[in-house]
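Chemist: this one's structure only:
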């Protein structure tokens, strides 16, 4: 059976969004499936001492420019959200909640949430807005809102983040392929070689 | 006349070294010349608050692995230097000193210094070792040592670093092409498109 690609991202990460729009197609060309794993970069940054890229002196201005240029380079629709970055507990919990019974639906929901934030400027940090978006895909709005406040769902996300940190995940997007870590959409060229020709 | 590509790098930067081995060939394919501009990342990091990649929690281990893998990916010889990172005033001053009268020779010297550090594990932070390497290319060892201690040469490097910071340079390698900034060897794909098809 095909090995999976573990794909870690934060719902508020621009490069994570760009990678999310491309990784399934890349994986499919190499007969791999992708295991989507939303995380909370805030929890990771507490350990690494990192800051959101766009807030850094000198680097911040470049980062914003590079994000917009990279979106054009990859031909992906992108509008810088008015509120940025945001806390992403709501979308991440919604993902894991749905993923427990419907992995395909959960991926569809992740796509819809990312597009809502990075294309339509909707603040998905809000449980209500996350529930609204899930409702457009056929979920029960009240059920989603209940799930977002559910201790089991909260613990599931917390465990996922803790596990990711244990595995060394420190950024978004981050990929684990056959135990090999790749950070950034700009490692897609190395991932292609890895998947096509094996370890190097 | 062909526009130049400004190429900023630190002699102690692994990704800067990898880019240095590739940028001239890339530029030549697009009828561009490269303006080599060694800088001191230490001075830049004082402003950005950044730390050497390999020293960061979680990120550091990945960075080391990614550097070695990237060297294999680009098919460039690389041996992690025993002393790392190092201060790079000596090689950077030697470069600007020679560049004042012989740009081709200065580039040849930069290549030799980078290979001495990243292939042959020689500590080019030492003025003596930098002078030894310049001597293998036909420079007078005593003349190089005098230049490294010369106030005019020191000021030249200081001005170059200050100017780079004013222009927004915050990392290595960093490229300015027609006013557009690109950071990292992993932007070579975007640089290729920019040079081949114009701004996007």
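Modeler: All right, it came through fine. These numbers were taken from a predicted model, which means no experiment stands behind them.

Chemist: The helix or strand bottoming out on mean pLDDT in chain A near chain B at all?
Modeler: Lowest mean confidence among the helices and strands of chain A (mean pLDDT, DSSP states H and E): helix A:41-48, at a mean of 87. Yes - judged by C-beta under 8 Å from any C-beta of the partner chain, helix A:41-48 and chain B are in contact via A:44, A:47, A:48. Heads up, the C-betas are built off the backbone N, CA and C, glycines and all.

Chemist: in that helix, what counts as buried?
Modeler: Buried positions in helix A:41-48, judged by neighbour count with 16 or more other C-beta atoms under 10 Å in any protein chain shown: A:41, A:44, A:48.

Chemist: Going by distance to chain B, which of these wins?
Modeler: Proximity of these to chain B was ranked by C-beta to the nearest C-beta; the top entry is residue A:48 with 5.1 Å.

Chemist: Contact residues of chain A facing chain B?
Modeler: A:44, A:47-50, A:56-59, A:61-62, A:65-66, A:69-70, A:72-73, A:165, A:168-171, A:181, A:183-184, A:186-187, A:189-190, A:193, A:200.

Chemist: go with 6 Å
Modeler: Applying C-beta under 6 Å from any C-beta of the partner chain, one finds that chain A approaches chain B through A:47-48, A:56-59, A:62, A:72-73, A:168, A:170, A:181, A:186, A:190, A:200.

Chemist: I'd like to check the angle between the helix or strand containing residue A:161 and helix A:41-48, please.
Modeler: Using DSSP states H and E, residue A:161 sits in helix A:151-166. Interaxial angle, helix A:151-166 versus helix A:41-48 (axes from the mean of the first three to the mean of the last three C-alpha atoms, to 10 degrees): 40 degrees.

Chemist: and helix A:151-166, what does it pack onto?
Modeler: helix A:89-99 (3 or more C-beta pairs under 6 Å, 6 or more residues apart in numbering or on different chains; DSSP states H and E).

Chemist: After the helix it packs on, heading C-terminal, what element do we hit next?
Modeler: helix A:103-118.

Chemist: And that following helix, what's buried?
Modeler: So, applying 16+ other C-beta under 10 Å, buried residues of helix A:103-118: A:105-107, A:109-118.

Chemist: Out of those residues, which is nearest to chain B?
Modeler: Out of the buried residues of helix A:103-118, the member with the shortest distance to chain B (by C-beta to the nearest C-beta) is residue A:118, at 19.0 Å.

Chemist: residues in contact with that closest one?
Modeler: A:17, A:78 (C-beta atoms under 6 Å, 6 or more residues apart in numbering or on different chains).

Chemist: cool, the one 5 residues further on as well?
Modeler: With contacts defined as C-beta under 6 Å, 6+ apart, residue A:123 is in contact with A:83, A:129.

Chemist: circling back: and the contacts of the least confident helix or strand of chain A?
Modeler: Contacts of helix A:41-48 (C-beta under 6 Å, 6+ apart): A:10, A:161, A:170, A:172, B:56, B:57, B:58, B:59.

Chemist: Residue ranges in chain A under the pLDDT threshold?
Modeler: A:1-2 (pLDDT under 70).

Chemist: Which residue ranges of it form strands?
Modeler: Taking DSSP state E as the criterion, chain A carries its strands at A:4-9, A:33-38, A:174-177, A:180-183.

Chemist: Now find how far off-centre the second one is within its chain.
Modeler: Centroid separation for strand A:33-38 versus its chain: 9 Å, with C-alpha atoms, centre = their mean, to the nearest Å.

Chemist: Quick one: work out the angle between that strand and helix A:103-118.
Modeler: Using the same axes, to 10 degrees: strand A:33-38 against helix A:103-118 is 50 degrees.

Chemist: Mind listing what's buried along strand A:33-38?
Modeler: A:34, A:35, A:36, A:37, A:38.

Chemist: same check, this time on stretch A:85-104
Modeler: Here stretch A:85-104 shows A:85-86, A:88-99 as buried, counting by 16+ other C-beta under 10 Å.

Chemist: Out of the residues you listed, which is nearest to chain B?
Modeler: residue A:85 (18.2 Å).

Chemist: And stretch A:138-148, how far out from the chain middle?
Modeler: 21 Å.

Chemist: To clarify, my last question referred to stretch A:94-110.
Modeler: Using C-alpha atoms, centre = their mean, the offset of stretch A:94-110 from its chain centre is 13 Å.

Chemist: same question, stretch A:180-190
Modeler: 15 Å.

Chemist: Same check on stretch A:73-88?
Modeler: Counting by C-alpha atoms, centre = their mean, stretch A:73-88 comes out at 12 Å from the chain centroid.

Chemist: related to what we said a few turns ago, possible to save the buried residues of helix A:103-118 as CSV with distance to residue A:136?
Modeler: As requested, the buried residues of helix A:103-118 are arranged in CSV below (distance: C-beta to C-beta, whole Å):
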residue, distance to residue A:136
A:105, 12
A:106, 15
A:107, 15
A:109, 10
A:110, 14
A:111, 12
A:112, 7
A:113, 11
A:114, 14
A:115, 11
A:116, 9
A:117, 14
A:118, 17
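
Chemist: can you pull the contacts of residue A:191?
Modeler: Counted by C-beta under 6 Å, 6+ apart, residue A:191 has contacts residue A:182.

Chemist: Residue A:185 touches residue A:18, doesn't it?
Modeler: Yes - taking contacts as C-beta atoms under 6 Å, residue A:185 lies within contact range of residue A:18: 5.2 Å.

Chemist: Contact partners for residue A:133?
Modeler: A:112, A:113, A:116.

Chemist: ok, and the closest non-adjacent residue to the first one?
Modeler: This means residue A:112. residue A:133 (5.3 Å; C-beta to C-beta, 6 or more residues apart in numbering or on different chains).

Chemist: end to end, how far does stretch A:8-22 reach?
Modeler: Across stretch A:8-22, the terminal residues are separated by 14 Å (C-alpha to C-alpha, to the nearest Å).

Chemist: Need the buried ones from the residues of chain A next to chain B selected in ChimeraX.
Modeler: This is how ChimeraX selects the buried members of those, with burial counted by 16+ other C-beta under 10 Å:
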select /A:48,56,58,59,62,73,170,181,186,190
